[in-house]
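Engineer: After the sequence you'll find the predicted model.
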Amino acid sequence: MQELGEQVGLSTSACHRRVKLLEERKLISGYHAHLDPDILGFGMLFYVEVSLTDQSEATLVEFEDAVRSAPEILEASLVAGASDYLLRLVCEDADHFERLHRTRLSRLPHVARIQSNLAIRVVKPMTGLPV
């Protein structure tokens, strides 16, 4: 808190109070460590577009529950556009992606189409919201 207080021009105790208030108001919902995927052996990042057979509530719920259980899928968003979902996932290498595609992605419920895109380089990683 001392370092944060110095950066924003507050005493440590005033900074602590403000952070607690932001947590109580749910503006701060958690704290996370940013792990280096390359050091951990996840050298490949994929963005996968998924189209479902239909968009009924039951289909969406079943698909989303299955996605949540896959640890390699880091993020999943219901999107507007040509696809229904955009998934972000990490893999060790091409063989790992092929296994993941065969054993997880293609077996997700109600999948009609999968379009995979390999990220060649992350130009601007997510660092936080623009506030």
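Structural biologist: Structure received.
Engineer: May I have the helix or strand hosting residue 3 as PDB, with CA atoms only?
Structural biologist: Per DSSP states H and E, residue 3 falls inside helix 2-8. What follows is helix 2-8, C-alpha atoms only, in PDB (Å, rounded to 0.1, in the frame of the first residue of the first chain):
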ATOM      1  CA  GLN A   2       2.900   2.300   0.700                       C
ATOM      2  CA  GLU A   3       4.100   2.100  -2.900                       C
ATOM      3  CA  LEU A   4       0.600   2.600  -4.300                       C
ATOM      4  CA  GLY A   5       0.000   5.500  -2.000                       C
ATOM      5  CA  GLU A   6       3.200   7.200  -3.100                       C
ATOM      6  CA  GLN A   7       2.200   6.800  -6.800                       C
ATOM      7  CA  VAL A   8      -1.100   8.400  -6.300                       C
END
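Engineer: For it, which helices and strands make contact with it?
Structural biologist: Under the contact criterion of 3 or more C-beta pairs under 8 Å, 6 or more residues apart in numbering; DSSP states H and E, helix 2-8 touches helix 12-24. Every C-beta, even on glycine, is put in place using the N, C-alpha and C of the backbone.
Engineer: May I see the buried residues of the helix it packs on?
Structural biologist: 15, 19 (16 or more other C-beta atoms under 10 Å).
Engineer: Identify all contacting residues around that helix.
Structural biologist: 1, 2, 4, 5, 8, 10, 28 (C-beta atoms under 8 Å, 6 or more residues apart in numbering).
Engineer: With distance to residue 105, pLDDT and neighbour count added, can I get those in a markdown table?
Structural biologist: Formatted as a markdown table, these follow (distance: C-beta to C-beta, whole Å; pLDDT from 0 to 100; neighbours: other C-beta atoms under 10 Å):
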| residue | distance to residue 105 | pLDDT | neighbour count |
| --- | --- | --- | --- |
| 1 | 43 | 85 | 15 |
| 2 | 46 | 88 | 10 |
| 4 | 41 | 87 | 13 |
| 5 | 46 | 87 | 17 |
| 8 | 44 | 89 | 9 |
| 10 | 48 | 90 | 16 |
| 28 | 34 | 92 | 12 |
